[in-house]
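Undergrad: dropping a prediction and its sequence here:
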Amino acid sequence: MEKTDKIYVAGHRGLVGSAIVRSLQRSGYTNIIGRTHAELDLCEQADVRAFFEKERPDIVVLAAAKVGGINANNTAPAEFAYSNMQIQCNVINCCHEYKVKKLLFLGSTCIYPRMAPQPIPESALLTGPLEETNEAYAIAKISGLEMCKFYKRQYGDNFISCMPTNLYGPHDNYELQGSHVLPAMIRKFHDAKESGAPFVELWGTGSPLREFLYVDDMADACVFLLENYDGEEHVNIGTGKELTIKELAEKVKATVGYEGELKWNSDMPDGTPRKLTDVSKLHGLGFHHKVDLDEGLKLAYEWFKENRADARM
């Protein structure tokens, strides 16, 4: 990559894309472009082709996706499958047609089998059944990952993929019906603290184990891979550390300063029992995360308080 390369970050205003833009800027890349959904609907093939015809980006980061938590995935699986496959097919094929120098496709660790070995190595992909609560999204992401591999094999395109673990931080989604677990907890505990509510109810039993990565660490890993990796196999991005959802809830509760009771609704689904990434490949390439969970929670909560009026609620 050259510092003057024109870099298109698809999804540049979301949690992932905005962090990648910040990381690129910190690394000295100045020619970064993006389009809002209102300006460019990535599900519309003709519009995507017209954008590539006009802008001719050198580098593309595909961070745009329809995302959500267990409830959103459960209630709208067809939308998750269709929208994500449309986005991926349109962008990936245009990257080939317009001879983009390099494409980075971002997946998600939910692509791995429900009962994958722990920690999950990259080789676990397609070795078993998926978690039903996010199966549609996972299948869509797997198709994008495999497309990148096939374009590399058939045409020699420099398309690489990475699989970030659960992310959190600035520009997250705090809408309770569609958000992921950590931002949902931040909002619930904050609202309960503000209103003086005697308790906060959370879904499930609190027993599943999860790994969480501050989004700016993920973004720095993405820029690192763009600069240093050209392999066919995708790369896990995570911390290699885990905790239970119950332990996470206690940490968020303490960070927010909520002093009420915590109740678990065990009638609601837990999702995958455990999901920890094997990050030995990323570490072997020379990248390690910097922000631990306690520090990251403080940063995320401060951003939420300062930007609540503009946050996705």
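TA: Great, that's in hand. Numbers count the residues shown, from 1 in each chain.
Undergrad: the bottom helix or strand of this structure by mean pLDDT?
TA: helix 70-75 (a mean of 73; mean pLDDT, DSSP states H and E).
Undergrad: so which bits of that one are buried?
TA: For helix 70-75, burial by neighbour count (16 or more other C-beta atoms under 10 Å) applies to Ile70, Asn71, Ala72, Asn73, Asn74. C-beta: built from backbone N, CA, C; applies to glycine.
Undergrad: CSV for those residues, including distance to Asn173?
TA: Listed next are the buried residues of helix 70-75 as CSV, based on distance: C-beta to C-beta, whole Å:
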residue, distance to Asn173
Ile70, 14
Asn71, 12
Ala72, 10
Asn73, 13
Asn74, 16
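Undergrad: and those residues, which is closest to Tyr155?
TA: Nearest to Tyr155 out of the buried residues of helix 70-75 is Asn73 (C-beta to C-beta; 32.7 Å).
Undergrad: please verify my assumption that that closest one contacts Asn84.
TA: No: using C-beta atoms under 8 Å, Asn73 is not in contact with Asn84, being 11.2 Å away.
Undergrad: so what sits against both of the two?
TA: Taking C-beta atoms under 8 Å, 6 or more residues apart in numbering as the contact rule, Asn73 and Asn84 both touch Tyr137.
Undergrad: rewinding a little: let me know the next secondary structure element after the least confident helix or strand of the chain.
TA: Remark: after helix 70-75, the chain's next helix or strand is helix 77-97, criterion DSSP states H and E.
Undergrad: helices or strands next to that next one in the packing?
TA: helix 45-55, strand 59-62, strand 102-106, helix 135-155 (3 or more C-beta pairs under 8 Å, 6 or more residues apart in numbering; DSSP states H and E).
Undergrad: now for the third one, which elements pack on it?
TA: In this case it means strand 102-106. strand 59-62, helix 77-97, helix 135-155, strand 159-164, helix 215-228.
Undergrad: out of these, nearest to Glu306?
TA: Nearest to Glu306 among the helices and strands packed on strand 102-106 is helix 215-228; the distance by C-beta to C-beta comes to 16.0 Å.
Undergrad: what's the closest non-adjacent residue to Ala81?
TA: Ala136 (4.2 Å; C-beta to C-beta, 6 or more residues apart in numbering).
Undergrad: which ones are touching Leu24?
TA: Listed by C-beta under 8 Å, 6+ apart, the contact set of Leu24 reads Ile7, Val9, Ile32, Val223.
Undergrad: hmm, 6 Å instead?
TA: The contact partners of Leu24, by C-beta atoms under 6 Å, 6 or more residues apart in numbering, come to Ile32, Val223.
Undergrad: that's a helix at it, yeah?
TA: Yes: counting by DSSP: H, G, I helix; E, B strand; the rest coil, one finds Leu24 located in a helix.
Undergrad: can you tell me how far it sits from Leu293?
TA: 25 Å (C-beta to C-beta, to the nearest Å).
Undergrad: same deal with Lys3?
TA: Taken as C-beta to C-beta, the span from Lys3 to Leu293 is 33 Å.
Undergrad: also Tyr151?
TA: In terms of C-beta to C-beta, Tyr151 sits 36 Å off from Leu293.
Undergrad: just Leu248 next, same as before
TA: Taken as C-beta to C-beta, the span from Leu248 to Leu293 is 8 Å.
Undergrad: ok, the two, which is more surrounded?
TA: Leu248 (23 against 20; other C-beta atoms under 10 Å).
Undergrad: pLDDT at the more buried one, what is it?
TA: At Leu248, the model reports a pLDDT of 98.
Undergrad: which SS class is the nearest residue to Ile245 once chain neighbours are set aside?
TA: Among residues not flanking Ile245 along the chain, Gly206 sits closest, at 4.8 Å (C-beta to C-beta, 6+ apart). Assigned with three-state DSSP, Gly206 falls in the coil class.
Undergrad: against Ile120, how distant is Gly206?
TA: On the measure of C-beta to C-beta, Gly206 and Ile120 end up 21 Å apart.
Undergrad: neighbour-wise, which of the two wins?
TA: Per other C-beta under 10 Å, whichever of Gly206 and Ile120 has more neighbours is Ile120, with 24 against 17.
Undergrad: so what sits opposite that one in the bridge?
TA: Thr277 (DSSP bridges).
Undergrad: quick check: it touching Thr277?
TA: Yes: between Ile120 and Thr277 there is a contact at 5.4 Å, judged by C-beta atoms under 6 Å.
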